[in-house]
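J.: Using only what follows, build the 3D model:
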Amino acid sequence: MTIFIAALAALIMGYVIYGTIVEKIFGADYNRPTPAVTKCDNVDFMVLPTWRIFLIQFLNIAGLGPVFGAILGALYGPIALFWIVLGSIFAGGVHDYLSGMISLREDGKSLVAIVEKYMGKHTKSIFLLFMIGFLLLLGAVFAMSPAQMLANITQTAFVWWIVVIFGYYFIATLLPIDKIIGRFYPLFALVLLSVTIALIVMMFVGGHNFYPEADLSNHHPAQLPIFPLMFVTIACGALSGFHATQSPLMSRCLSNEKYGRPIFYGAMITEGIVALIWTTLGMSFYNGSQGLFAAINATGPGGVVSDIANGHLGKIGGMMAVLSVVLLSITSGDTAFRSARLTIGDYWGKKDFKRRLLISIIVLSGGIAMSFFDLTTIWTYFGWANQCLATIVLWTASVYLHRHQKCFWITLFPAAFMTAVCVTYIMFDKIGFHLPIKWSVAAGIVAAIISVVLFIKKSKTKK
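T.: Residues are numbered from 1 along each chain as shown. Below is the predicted model of the structure:
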C-alpha cells in the first residue's frame with residue numbers, strides 16, 4: 001500500500017514540478033491567439049470549454065493501453081510501477097505536451113505536416129503512409145477488442161458488433177467535433193474515472209495485499225526480458241505515439257495556451273494514474289504473477305478485467321466496469337479514424353463535405369479490412385509501431401526546441417532511450433529478426449548512440 005501511495009504522489013508531483021518546467025522551456029504565450037479562434041470552421045476548429053477538452057483528451061489517448069497494457073505489464077512485478085511513474089513524467093507527459101503545443105503553434109497542423117517541416121520533406125510521404133497504416137491498425141484493434149467483449153456479454157455474433165461499431169465510427173468521424181465527441185465523451189471519461197477510483201477504493205477497504213511480490217526482480221512467469229518488452233507492453237500508461245495523433249485534434253479547440261499543461265501533460269499523468277491502478281489490481285487480485293499469467297492465458301486481458309471488476313464491485317459494478325472499458329476502446333478507435341481523416345485531408349488540400357465523406361469511407365474501409373485479421377498478431381505489431389511513432393515525435397520535438405533555441409535535452413534523452421527500445425525489440429521479437437537478447441540490446445544501444453551523435457552534429461551545423 002505504501003508503494004502505491006508513493007507512486008501516486010510521485011505522479012502528482014511530476015505534473016506540478018516537471019510539467020511547469022516543460023511549459024517554461026516551451027514558452028507558452030497566454031496572449032497569443034489560438035487556431036480555434038483564428039481558423040474557426042465549426043467542424044474541426046472551434047473553441048470548446050477547457051474542462052471538456054481535458055476529459056476528451058484523456059478519453060482519446062487512453063484506449064485499452066492503461067488497462068490491457070497495464071495488466072500485461074503487471075506480469076513483470078512491481079518494477080512496472082517505475083516505468084509508469086518515470087515514463088509518464090519524463091517521457092509521456094513531455095511527448096504529449098509538445099505534440100499538442102507544437103501543433104497549436106503551427107495553426108493546428110496534423111502530425112505529418114509537423115514532421116515534414118522539422119524532419120525534412122523527404123520523410124513526408126513515408127511518414128504519411130506509416131501513420132495512416134498505424135491509425136487504421138489501431139482503429140481495427142479498438143474495434144475488435146470491444147466487439148469481442150460485447151459478444152461475450154450478450155452472446156451475440158462478433159461480426160454483428162463489428163458492423164455496429166464501424167457504423168458508429170462512420171457517423172462520429174464525419175460529424176463536427178462538438179456533436180458527439182464534445183457532447184458525450186466527457187461523460188464517458190467521468191464514468192471511466194469513477195469506476196477506476198471505485199476499484200482502488202475497494203482494495204483499500206478490503207485490506208488487500210497490494211504487491212504480493214514486493215521486490216524489483218523480474219517476476220514474469222515466462223521470464224520474458226524486461227528490456228525492451230515491458231517498455232513496449234506498457235505503452236499508453238507511460239509513453240504512446242498514438243497520443244501525438246490525438247493532441248492536434250484538441251489543439252484546434254483550445255482558447256488559450258495556458259491550458260496546454262493541464263490538458264496535454266495533465267491528461268497523460270491522469271492516464272498514468274489509471275495504469276498504476278490497473279497494474280496494482282492485476283498484481284493483487286491473483287496474488288502474484290503466476291495467478292495473473294494463468295488468468296490471461298485462460299480468458300485474455302478482457303476476461304481479467306471482468307474478473308477483477310466483478311470481484312471488487314459485484315455483478316452490477318462489474319458490468320459497469322467492463323462497459324467503461326468497452327467505451328474507452330470505442331471512443332479511442334473513433335478518434336483514431338478521425339485523425340486519419342484529418343491527416344489525409346490536410347495532405348489533400350481542398351476541404352469540403354464531399355471530400356470529408358470520401359476520405360471517411362476510405363479510412364473506415366481500410367479499418368474494416370484489418371478487423372478480420374488475428375487480434376493477437378495485430379496487437380503485437382501495433383505495440384511496436386506505437387513506440388516507433390513516439391520515438392519519431394520525440395526526435396521531431398528535439399529539432400523544434402533546438403531551432404527555437406530552447407533546452408532540447410528534455411526530449412533528447414527519452415528519444416534516445418526509446419530508439420534503443422524500438423531497435424532492440426524488432427531485433428529480438430518474433431515479428432522481427434528474432435536474434436539473441438544480448439545482440440539485440442547491443443544493436444539498440446548502438447542505434448541510440450548513433451542517433452544522438454548525428455543529432456548533435458547536425459545541430460552544430462545548423463546553429
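J.: mind listing what's buried in stretch 380-395?
T.: 382-395 (16 or more other C-beta atoms under 10 Å). For the C-beta atoms, the positions are set from N, CA and C on the backbone; glycine is no exception.
J.: between these, which is closest to N60?
T.: When the buried residues of stretch 380-395 are compared for distance to N60 (C-beta to C-beta), N386 wins out at 14.4 Å.
J.: Verify the contact between the closest one and F242 for me.
T.: Yes: applying C-beta atoms under 8 Å, one finds N386 in contact with F242, separated by 5.7 Å.
J.: Helices - which of the buried residues of stretch 380-395 land there?
T.: 382-395 (DSSP state H).
J.: Point out the least confident member of those, please.
T.: In terms of pLDDT, the lowest of those is F382, showing 82.
J.: quick revisit: got any residues that touch both of N386 and F242?
T.: F134, L138, A235 (C-beta atoms under 8 Å, 6 or more residues apart in numbering).
J.: nearest to P225, of those?
T.: Using C-beta to C-beta, A235 is the member of these that lies nearest P225, at 16.8 Å.
J.: how about the strands in the protein?
T.: Using DSSP state E, no strands are found in the chain.
J.: quick one: low-confidence ranges for it?
T.: Residues of the chain meeting the criterion pLDDT under 70: 349-351, 375-376, 461-463.
J.: Next, count neighbours for A294.
T.: Applying other C-beta atoms under 10 Å, we find 12 residues neighbouring A294.
J.: ok, now H243?
T.: H243, neighbours per other C-beta under 10 Å, totals 31.
J.: Verify the stated contact: it with G92.
T.: Yes: the pair H243 / G92 is scored as a contact, 7.3 Å apart, by C-beta under 8 Å.
J.: tell me the contacts of A147?
T.: A147 makes contact with F158, W161, I162, I165, S371 under the criterion C-beta under 8 Å, 6+ apart.
J.: Distance of the closest residue to N218 other than its chain neighbours relative to H95?
T.: Leaving aside its chain neighbours, N218 sits nearest to I226 (5.4 Å; criterion: C-beta to C-beta, 6 or more residues apart in numbering). Using C-beta to C-beta, to the nearest Å, I226 is found at 21 Å from H95.
J.: repeat for S145
T.: Going from S145 to H95 by C-beta to C-beta gives 24 Å.
J.: More neighbours: which of those two?
T.: For S145 and H95, the more surrounded residue by other C-beta under 10 Å is H95, and the numbers stand at 30 against 25.
J.: Enumerate every residue touching the spatially closest residue to I368 that is not a sequence neighbour.
T.: Nearest non-adjacent residue to I368, counting by C-beta to C-beta, 6+ apart: F166, 5.6 Å away. F166 is in contact with A143, L364, G367, I368, S371, counting by C-beta under 8 Å, 6+ apart.
J.: how deep is M202 tucked in, by neighbour count?
T.: When neighbours are counted by other C-beta under 10 Å, M202 comes out with 17.
J.: which residues touch the residue nearest to it when sequence neighbours are not counted?
T.: Spatial nearest neighbour of M202, chain neighbours left out: H312 (4.2 Å); criterion: C-beta to C-beta, 6+ apart. Taking C-beta under 8 Å, 6+ apart as the criterion, H312 is in contact with A198, L199, M202, M203, G206, L281, F285, G318.
J.: The residue nearest to I368 and A140, how far apart?
T.: The gap separating F166 from A140 is 10 Å, by C-beta to C-beta.
J.: which residues are common contacts for the two?
T.: Both F166 and A140 are contacted by G367, I368, S371, under the criterion C-beta under 8 Å, 6+ apart.
J.: May I have the residues that are in contact with the last one?
T.: This points to S371. For S371, the contact set (C-beta under 8 Å, 6+ apart) comprises A140, A143, M144, A147, I162, F166.
J.: would you turn those into TSV with distance to S125?
T.: Below are the contacts of S371 laid out as TSV (distance: C-beta to C-beta, whole Å):
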residue	distance to S125
A140	23
A143	27
M144	29
A147	33
I162	31
F166	28
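J.: Against W51, how distant is the nearest residue to F68 once chain neighbours are set aside?
T.: The shortest distance from F68 to any non-neighbouring residue, by C-beta to C-beta, 6+ apart, is to P301 (4.1 Å). Remark: distance between P301 and W51 (C-beta to C-beta) = 31 Å.
J.: more neighbours, these two?
T.: P301 (22 against 12).
J.: from memory that one sits against P66, does it?
T.: No: judged on C-beta under 8 Å, P301 makes no contact with P66 at a distance of 11.8 Å.
J.: picking up where we left off before, any shared contact partners between H243 and G92?
T.: Common neighbours of H243 and G92, using C-beta under 8 Å, 6+ apart, are M268.
J.: who are the neighbours in contact with S329?
T.: S329 is in contact with G63, L64, F142, A143, S145, P146, counting by C-beta under 8 Å, 6+ apart.
J.: Now rank those residues by neighbours and give me the top one.
T.: Result: G63 is most packed of the contacts of S329 (other C-beta under 10 Å), 30 neighbours.
J.: ok, that residue - contacts?
T.: By C-beta under 8 Å, 6+ apart, the residues touching G63 are L138, F142, C236, F242, L328, S329, S332, G333.
J.: From the contacts of S329, pick the one nearest T377.
T.: Minimum distance to T377 across these is 13.6 Å, recorded for S145 (C-beta to C-beta).
J.: my guess is the closest one meets V305, correct?
T.: No: judged on C-beta under 8 Å, S145 makes no contact with V305 at a distance of 10.4 Å.
J.: and of the contacts of S329, the nearest to S255?
T.: For the contacts of S329, the nearest to S255 is G63 (26.3 Å; C-beta to C-beta).
J.: Could you tell me which residues make contact with the residue lying closest to G108 once chain neighbours are set aside?
T.: Counting by C-beta to C-beta, 6+ apart, G108 lies nearest to P35, which is 3.7 Å off, once chain neighbours are set aside. Shown in contact with P35 (C-beta under 8 Å, 6+ apart): F45, L104, D107, G108, S251, R252.
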